[in-house]
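Q: Below: sequence and its predicted model.
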Amino acid sequence: MRHNKKFNHLGRTASHRSAMLSNMACSLIKHKRITTTVAKAKALKKFVEPLITKSKEDTTNSRRVVFSNLQDKIAVTELFKEISVKIADRPGGYTRIIKTGNRLGDNAEMCFIELVDYNENMAKEKVAKKATRTRRSKKSAAPAAVEAPATEEPKAESAE
C-alpha cells in the first residue's frame, strides 16, 4: 500500500532527482523562466518555493541552507540580492506554471515555469484591462465627447 506517499519520483534515483531539481532551480533563478515537462515543473515548484521563502530573511544560516540545496554561488547570490527584494511583500506563490501543449517526439505535456514577479507581459495585461474599461451605453459616452472640445477652448484662451 502507498498510503500518504505523495512524492513524485520522476522515474529517477534519489541522488539523480535531487541533482536534477537543484540544477533546474538554479536555471529558474538565473533565467526567470524555463521550459520543462509538467511533472518536473510541479516537483520543481515544491522544491524552489521554500528556498525563495527562506531567502526573504538574509542571515548566514538561511544562506547556508539554500546553498546546501542549490550548490551554486551565483544562483544563491542572485536569489538573495535581486529576487528576495522583489518578492518581499508576496506571502507565497512565487512561481507560475503555464502549459504549452505536448512535445512533438513523445507527446509529453510541456509547460513554462516562471517567477511571477518577473513576467512583464502579465503585469502589462492587468494594467491595460483596467485602463480600457468603458461603459456599454453609447448615449452617455457621446455627450461627454461633445462637451470636451468646448471646455478645452476657454482654457486655451485664458492661457494666452
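A: Arrived safely.
Q: ranges for the helices of this protein?
A: For the chain, applying DSSP state H gives helices covering 14-31, 38-55, 60-70, 73-78, 84-86, 120-131, 138-159.
Q: In the shortest one, which of the residues would be classed as buried?
A: So the one you mean is helix 84-86. For helix 84-86, a neighbour-count test (16 or more other Cβ atoms under 10 Å) marks residue 84 as buried. Any C-beta I mention is one placed from the backbone N, CA and C, and that applies to glycine too.
Q: and the residue minimising distance to the centre of the chain, how far is that from residue 92?
A: For the chain, residue 116 is the residue whose C-alpha lies nearest the centre (Cα atoms, centre = their mean; 1.6 Å). Residue 116 sits at a distance of 10 Å from residue 92 (criterion: Cβ to Cβ, to the nearest Å).
Q: try residue 65
A: 18 Å.
Q: Comparing the two, which shows the higher neighbour count?
A: It is residue 65, of residue 65 and residue 92, that has more neighbours when counted by other Cβ atoms under 10 Å, with 15 against 8.
Q: and the nearest residue to the more buried one once chain neighbours are set aside, what is it in contact with?
A: Of all residues not flanking residue 65 in the chain, residue 54 sits nearest, at 5.9 Å (Cβ to Cβ, 6 or more residues apart in numbering). Residue 54 is in contact with 62, 65, 66, counting by Cβ atoms under 8 Å, 6 or more residues apart in numbering.
Q: Tell me the one of the residues you listed nearest residue 5?
A: residue 65 (25.2 Å; Cβ to Cβ).
Q: quick one: residue 10 and residue 42 touch, right?
A: No. The criterion here is Cβ atoms under 8 Å, and residue 10 misses it with residue 42 at 9.9 Å.
Q: And the residue nearest to residue 65, what's its pLDDT?
A: In this model, residue 54 is scored at 96, pLDDT.
Q: Can you tell me how far it is from residue 106?
A: To residue 106, residue 54 is 35 Å away according to Cβ to Cβ.
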